Every structure is written in C-alpha cells, then in structure tokens.
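Visitor: What follows is a predicted structure for the sequence shown.
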Amino acid sequence: MQHVLEAMPRLALYSSGRAGGPAARSLHQAAPRRRLASSAAAAAAAGGGSGVPAPGEAAKRVESLFAMHPTLTLERAVGDKHGIDQNLWDSCHFRAEIYPDLPLATTWRDLLRRTVQTAGRDSEAGWVGPAAQACPAERWTVRTVAAQLRSRDQLRAMMLSAAGVDASGDPKPGGSSADALLFVSGSHPARHLPGATKWLQSSFDLLLLASAMREEGYLPPSLSLWAVENPMLSPVSRLDKKIENGAEVIITQPPLLWNRTALWFEQADKQRLSQNVKVVLGLPIVPSVGNLEFWLRLCGVRNTAEADALLRGFPQASSGEGSKQYHAAAVRRWNADLIRKSLELPGVAGLHVMPLTKSARQMTAEFLAEGTLPSALGPI
C-alpha cells in the first residue's frame, strides 16, 4: 500500500483546477519553499544519510501522543455550551480535546437545525480556554474542518486559521494553533442531493489538500491530519484510501451495531491497516434509550433490525420504589460493558469519549475515578 502519494499530483491538486487558479498559485512564495527545504535537510540528517526518510515531525508527535494505551480523547462542547465539560478536561485523563464543527446537539431535530444554520460559516470551535491546571503530559487541541457546502478557498482559509498561520504559512502573532485538524465531509442535507459529490468537497479532498499544503510549508510540519470513519456502514477500503491520502489518526463512529463494528476492526487488523494509522474508537456515554436512538440516527443506522434489537435491550425506566436506582445501575453496567468490549477490539489505539448530556458527563467522571475508563494519566 502506498503510504505517501507522489508529490507532483498533490501539488497540482493544490495549485490548479478545483484547488483554485491564480489565487492559489500566488501562494507559491520563497519563504515556505525555504522552510520545506530546511525540513527535508533536517529529515535527511536524522535518517543518518541512509536514504530512508525519517518519520515526519507530525508522525513522531502522533507516536508520542499514543505511547500510552489506551489513549483517551474528549469531544468538547462548543457554542453556548462551551465550558460545561471543563471538569472532565481538567482531570488530565484525556490526551486530546476535539472541537466539533457544530454546537452541541442532543436531538435529531436540533442537529439538523444547527447543521443548516451553520453551513458555510467558520467553525465555532476557534476559541479554546486556558487549562485550569498543569497536567503531567503534553495534551493536544484538535479542530474539525467540515466540508459541508464550503468552497475549497473557504476550506483552505479554515485550515490556515485553525493552524494559527497566515496565507504564507507564517505564524500569526498571539494566535492559538491546533495540534491536529480533523477532516469530515459534513452532514448537510444538500450533500445528499443527486450529483452533489461532483461539486462538493469531501474528507478525501481535504486530506489531499492539507497534505499538499503541509508539504509545501503552508501548514506547519508538526500539524497532524485526522479523519473519521463509520465501521457500521463503510467498507475497510475507505480506511485504506484515507491512509493513502494522508490520515495519521482515524476517529470512528460508535460501535453501536456491534457485529458490524467487530468485523470492520478484524478486517482492518487482518489487512494490517491499523498498524499504519492510529484508530480511536468513538465512545458515546449513553444515559437513556432516547439518547441511544439519537446516536443511531446520527450514525445513519437507525432503520435496521440490529438497531431495533439494541433499543429493546437497553435498560428501560420503570416506576416503583427503588426503580430509579435500579435503572441507573443497569445503565451504568450497559455503558461499562461497551467500554470493556471496545478495548478488546484489535487495533484500537484509544477511545474518543463523547458525553453529550449532563448525566453522561457525570457518568464519565465516575468511570474515570473508578478506572472503568482506564487512563495512565492523572492530575499532578
């Protein structure tokens, strides 16, 4: 499998055609080329002159981030809910915080409304508050770049802004920068119209564009490129293609339809794909059957027999003395079992924890305290 695409096609993608005409070509300035040459010389020196290229700066940082197993990452709340999960981040159990492209939503109608309202706008995840306390290991900020209905020029500008650099690739004074960008196609309804894929950008396009921009020096060499996959719907070949397009970390959708997810991970492991990329399994903390149904719809698998069976098997609330405590304990066991099974899948480098509700965040804190969510990190 080809891990690094030929430079020429990628440069052509960035500087011509759909990537933009004269405006894109005007970005080819001497400073980024000098930075690229310096990076290449440093890599050759690090390789000891053996002719084998040393791992890139971003790849080295990824290996360091995932040195401890399992690595935990946290889906942060944005928009008017920003900060409601600060206690989880301050626990120091999470190595990376991921800011989504859309504000927090817990119902399908709310998600659809927010998706339509924010189409074409910049992500709301730009502001990241300072850490309340020091933690014993480096931690990352990951910002999502969603194609949605945005043009390539808009997406290029979003990448530069998230990386904290200007159009020439130079750091912006006093600006904050992401450690990684997470590329997604987006869920806007217009993306599902006939022929939309011919004129809308996809996560595959974004990976190629970002890889080319990083090679040319417009994005920092330390910036890691992440993407998303859905094991319940997509073949493993999509994972292979995203690796070829430059993905260094893959965040998966939750393992709600277990048999489909397990088969996907087994195939990725058999094809040795999970050895070439860090695969982080998405983990929703599910407090209710209503929340579970939301996740099933979000992942595009609600209208399946497996989803119906999953909903029937989720602990149901009932009335009566002691029923509330009994139901809460049953829900905790359901989530704890999902965590345990998830960590047993082959090739899982970590868990991306996604607590969308107040009760889910409380359950997450309890799981961290008792070790159900295992982490080698902790407060200083």
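Guide: That came in fine, so what should we check first? Residues are numbered from 1 along each chain as shown.

Visitor: Show the model's pLDDT score for residue 198.
Guide: Confidence at residue 198, expressed as pLDDT, is 83.

Visitor: which residues of the protein fall in strands?
Guide: Counting by DSSP state E, the chain has these strands, from start to end: 71-75, 96-99, 140-146, 180-184, 224-229, 249-252, 278-284, 348-354.

Visitor: a markdown table please, covering the ones you listed and showing distance to residue 375.
Guide: (C-beta placed from N, C-alpha, C; glycine too.) Listed next are the strands of the chain as a markdown table, based on distance: least, CB to CB, whole Å:
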| stretch | distance to residue 375 |
| --- | --- |
| strand 71-75 | 5 |
| strand 96-99 | 12 |
| strand 140-146 | 15 |
| strand 180-184 | 19 |
| strand 224-229 | 20 |
| strand 249-252 | 17 |
| strand 278-284 | 13 |
| strand 348-354 | 9 |
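
Visitor: Give me the nearest residue to residue 255, chain neighbours excluded.
Guide: The shortest distance from residue 255 to any non-neighbouring residue, by CB to CB, 6 or more residues apart in numbering, is to residue 261 (3.8 Å).

Visitor: Kindly report the same for residue 64.
Guide: Looking at residue 64 with CB to CB, 6+ apart, the closest residue is residue 138, at 7.3 Å.

Visitor: Could I get the phi/psi values of that neighbour?
Guide: Backbone torsions for residue 138, taken as degrees, to the nearest 10, come to phi -60, psi 140.

Visitor: I'd like to know how many residues surround residue 69.
Guide: 11 (other CB atoms under 10 Å).

Visitor: if I pick it, what's in contact with it?
Guide: 349-350 (CB atoms under 8 Å, 6 or more residues apart in numbering).

Visitor: One more: residue 267?
Guide: When contacts are counted by CB under 8 Å, 6+ apart, residue 267 touches residue 236.

Visitor: State the distance from it to residue 255.
Guide: Distance of residue 267 to residue 255, given as CB to CB, to the nearest Å: 14 Å.

Visitor: Same list, the strands of the chain, but as CSV with mean pLDDT please.
Guide: Output for the strands of the chain, formatted as CSV (pLDDT from 0 to 100):
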stretch, mean pLDDT
strand 71-75, 97
strand 96-99, 97
strand 140-146, 97
strand 180-184, 98
strand 224-229, 98
strand 249-252, 99
strand 278-284, 98
strand 348-354, 98
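
Visitor: For residue 174, grab the count of nearby residues.
Guide: Around residue 174 there are 6 residues (other CB under 10 Å).

Visitor: correction: residue 88
Guide: Neighbours of residue 88 under the rule other CB under 10 Å: 22.

Visitor: Low-confidence ranges, the stretch 101-250 of the chain, go.
Guide: Along the stretch 101-250 of the chain, segments meeting pLDDT under 70 span 102-133.

Visitor: returning to what we had before: next up, the contacts around the residue nearest to residue 255.
Guide: Residues in contact with residue 261, defined by CB under 8 Å, 6+ apart, are 231-232, 252, 255, 345.

Visitor: Identify the farthest-apart pair in those residues.
Guide: 232 and 345 (13.2 Å; CB to CB).

Visitor: if we look at the sheet, which residues does residue 282 bridge to?
Guide: Taking DSSP bridges as the rule, residue 282 bridges to residue 352.

Visitor: That one and residue 195: what is the separation?
Guide: Here residue 282 is placed at a distance of 30 Å from residue 195 (CB to CB).

Visitor: who has more neighbours, these two?
Guide: residue 282 (23 against 7).

Visitor: and the gap between the more buried one and residue 324?
Guide: 29 Å.

Visitor: coming back round to it: between residue 232 and residue 345, who's got more neighbours?
Guide: Using other CB under 10 Å as the criterion, residue 232 and residue 345 rank with residue 232 on top: 24 against 21.

Visitor: Quickly note the distance from the more buried one to residue 270.
Guide: Distance, residue 232 to residue 270, using CB to CB: 18 Å.

Visitor: Please apply the same query to residue 171.
Guide: Distance from residue 171 to residue 270, counting by CB to CB: 43 Å.

Visitor: next one: residue 346
Guide: Distance of residue 346 to residue 270, computed by CB to CB: 9 Å.

Visitor: Noted, bye for now.
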